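Visitor: fold the following and give me the result.
(2 chains)
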Amino acid sequence: MERKIYRVVRGMRDLLPKDLVAWRRLEAHAADLARRFGYQEIRPPLLEETELFRRSVGEVTDIVEKEMFTVERGEHSFTLRPEGTAGVVRAYVEAGFAKTAPLQKLWYLGPMFRYERPQKGRERQFTQFGVECIGSLDPRLDAECIALAVRFFEGLGLGAAGGLEVRINSMGDGDDRDRFREAVRAFVAPKLAQYSEDSQRRFERNVLRILDSKDPRDIELNRGAPQLIDFLSDENREHFDKVKGCLGAIDVKVVVDPTVVRGLDYYTRTIFEVHYPALGARSALCGGGRYDHLVEQLGGPSVPAVGFAIGFSGTLLALQELGLLADDEPTGPDVHVVLADGVTELEGLLLADQLRQAGLSAAFDAEGRRMKAQMKNAVRSGARLAVILGPEELERGEVQIKDLLSAEQSAVPRAQLPERARFLLAQVPPTQVAP
RNA sequence: GUGGGUGUAGCUCAGUCGGUUAGAGCACGAGAUUGUGGUUCUCGGGGUCGGGGGUUCGAUUCCCCUCACUCACCCCA
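Guide: Model (predicted):
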């Protein structure tokens, strides 16, 4: 009989209980921080009409051209979200917020999907925490948004290491961008043949990308290239200056980096990235910026917006690198029930149930092992207390209750077990005894 | 999608210049200790040597393909 081995789909992975200790920490941190910044959670579905992403992300981006997980159902085409903004904006428009409460500060957290070649820190299913502040062009909100991203990392301990770098730039808006793009084209065109193959391709696809090429030849050729900042309209320059001013005022350190060019089509004005350079090629932990035309582009009214997305994979990698991930085991039950020979196995279930009814978490040993093995399991499970029942206790209507940290043990009437257990659990654990 | 590296037990890895029963440490289970945990000792279970094909008397070892992981590129969180 042939046995097929099923494996996790390429580019995806199982998060096992031990992995989730760290994940929960990030999730809780994100939710708490967003709340402190006045953001509310939103959960759009994972699946949207394919057209939505084509329109928002941009037809000629890699995401749309080759990285979408798409399912066709008759006339319809749906795609698993490759990023979060499009769905949130769609929901914003659909909910009619523009008329009832135009300024919406929303956050989301969940899986995204891109059909890419997997690599460390880049999976086909990945998790992003993102915020979208829709409905205002106020530069204080740009700054607030960037601050939120930075505080997210600082709160995890990444800022303290001094390894964080926040790069910002302004992409201008409409006309600025067109004039700048033409200027770059004019700058590159005469020596296009000297550029790398990749950049020659970019010339047609997305000229601006040539400016952040990593090829040494390109970097050399790019010297003296036009800077977007010089092409900004007065209004946009003023906006950018105000954003920088606000960031300074709340002590968020950033560097203005003219080479920052975000990949997606919808960005305007302020754009930024948070890098953790020690991670090498995959150093960008967060990317975001303004998208002042997207809402209108997706059929809504003309309202500006700003947001960002943070990737969890890279964040976890950075934390790991710095040894900031405690390798905590998942927390076990409060109490582990151990049965000695001579009592029926049902007692394990009864005692556990008694504790559970009282609101404590409890487990019993399921394999009918020797007591020594049961005690070992109790410790391994992470339980703080062991409750032991043997024939003698049974006869007296008692159980033994043992604090596995202090090794202190005492008898207690069965009726008082939950109360006693609760008391012991509330005790400060004795300082770890040196071995 | 392009190029390089790797793939032996749950984990970390040895090994076979092609030769018959593939090893270690850790982990896991049992016993020493017939009612009590992180030490020690003894014993034990567990591997189609990633998968498929080829060369060969014989392949885990050599060749090809494939899958997965990994590093870099494209791109990006």
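Visitor: what pLDDT is listed against the residue of the stretch 101-250 of chain A found nearest RNA strand B?
Guide: Closest residue of the stretch 101-250 of chain A to RNA strand B, C-beta to the nearest atom of the strand: residue A:120 (2.7 Å). C-beta: built from backbone N, CA, C; applies to glycine. For residue A:120, the pLDDT comes out at 80.
Visitor: can you pull the phi/psi pair for it?
Guide: phi -60, psi 130 (degrees, to the nearest 10).
Visitor: what do you get for residue A:246?
Guide: Dihedral angles (degrees, to the nearest 10) for residue A:246: phi -60, psi -40.
Visitor: measure how buried it is and give me the count.
Guide: 19 (other C-beta atoms under 10 Å).
Visitor: so residue A:133 makes contact with residue A:141?
Guide: Yes. Applying C-beta atoms under 8 Å, one finds residue A:133 in contact with residue A:141, separated by 5.1 Å.
Visitor: any shared contact partners between the two?
Guide: residue A:306 (C-beta atoms under 8 Å, 6 or more residues apart in numbering).
Visitor: what is the neighbour count of the residue of the stretch 101-250 of chain A closest to RNA strand B?
Guide: 12.
Visitor: what do you get for the one 3 residues further on?
Guide: Residues near residue A:123, counting by other C-beta under 10 Å, number 21.
Visitor: give me the pLDDT for it.
Guide: 89.
Visitor: now do the one 10 residues further on
Guide: At residue A:133 the predicted local distance difference test score is 97.
Visitor: what's the answer for residue A:174, then?
Guide: Looking at residue A:174, the pLDDT reads 79.
Visitor: any idea how far it is from residue A:285?
Guide: 30 Å (C-beta to C-beta, to the nearest Å).
Visitor: swap in residue A:40?
Guide: Residue A:40 is 24 Å from residue A:285, by C-beta to C-beta.
Visitor: more neighbours, these two?
Guide: residue A:285 (26 against 10).
Visitor: hang on, that one in a strand?
Guide: Yes. Checked against DSSP: H, G, I helix; E, B strand; the rest coil, residue A:285 lies within a strand.
Visitor: which residues of the stretch 1-150 of chain A fall in strands?
Guide: A:40-41, A:47-49, A:70-73, A:76-80, A:104-113, A:125-134 (DSSP state E, counting those that start in this stretch).
Visitor: whoops, I mixed them up, the stretch 251-400 of chain A
Guide: Going by DSSP E, counting those that start in this stretch, the stretch 251-400 of chain A shows strands at A:255-256, A:268-275, A:284-290, A:305-311, A:335-339, A:362-364, A:385-389, A:398-403.
Visitor: check which helices and strands the second one sits against.
Guide: So the one you mean is strand A:268-275. helix A:139-155, strand A:165-170, helix A:234-249, strand A:284-290, strand A:305-311 (3 or more C-beta pairs under 8 Å, 6 or more residues apart in numbering; DSSP states H and E).
Visitor: need the residues that contact it.
Guide: A:139, A:142, A:146, A:149-150, A:153, A:164-174, A:177, A:236, A:239-240, A:243, A:254, A:260-262, A:283-293, A:306, A:308, A:310.
Visitor: I'd like the mean pLDDT over the longest helix belonging to chain A, please.
Guide: Counting residues, the longest helix found in chain A (DSSP state H) is helix A:17-36. Averaging pLDDT along helix A:17-36 yields 92.
Visitor: where does chain A have its least confident helix or strand?
Guide: Ranking every helix and strand in chain A by mean pLDDT, DSSP states H and E puts helix A:62-66 at the bottom, with a mean of 75.
Visitor: mind giving me the packing neighbours of it?
Guide: Using 3+ C-beta pairs under 8 Å, 6+ apart: helix A:62-66 touches helix A:50-57.
Visitor: please point out which parts of the helix it packs on sit buried.
Guide: Neighbour-count burial for helix A:50-57 flags A:50, A:52-57 (criterion: 16 or more other C-beta atoms under 10 Å).
Visitor: from the chain's centroid, how far away is the longest helix of chain A?
Guide: The chain centroid and the centroid of helix A:17-36 are separated by 8 Å under C-alpha atoms, centre = their mean, to the nearest Å.
Visitor: picking up where we left off before, mean pLDDT lowest for which of the strands of the stretch 1-150 of chain A?
Guide: Among the strands of the stretch 1-150 of chain A, strand A:70-73 scores lowest, with a mean of 90.
Visitor: doesn't residue A:316 make contact with residue A:22?
Guide: Yes. With contacts counted by C-beta under 8 Å, residue A:22 reaches residue A:316, the gap being 6.3 Å.
Visitor: any shared contact partners between these two?
Guide: By C-beta under 8 Å, 6+ apart, the residues touching both residue A:22 and residue A:316 are residue A:325.
Visitor: thinking again about what came up before, winner for burial among the strands of the stretch 1-150 of chain A?
Guide: strand A:125-134 (a mean of 23; mean count of other C-beta atoms under 10 Å).
Visitor: give me the helices and strands touching it, please.
Guide: Contacts defined by 3+ C-beta pairs under 8 Å, 6+ apart place strand A:125-134 against helix A:17-36, helix A:85-94, strand A:104-113, helix A:139-155, strand A:305-311, helix A:312-321.
Visitor: helices and strands around the fifth one, which ones?
Guide: Taking 3+ C-beta pairs under 8 Å, 6+ apart as the contact definition, the neighbouring helices and strands of strand A:305-311 are helix A:85-94, strand A:125-134, helix A:139-155, strand A:268-275, strand A:284-290.
Visitor: again with the first one
Guide: Contacting helix A:17-36 under the criterion 3+ C-beta pairs under 8 Å, 6+ apart are the following elements: strand A:40-41, strand A:104-113, strand A:125-134, helix A:139-155, helix A:312-321.
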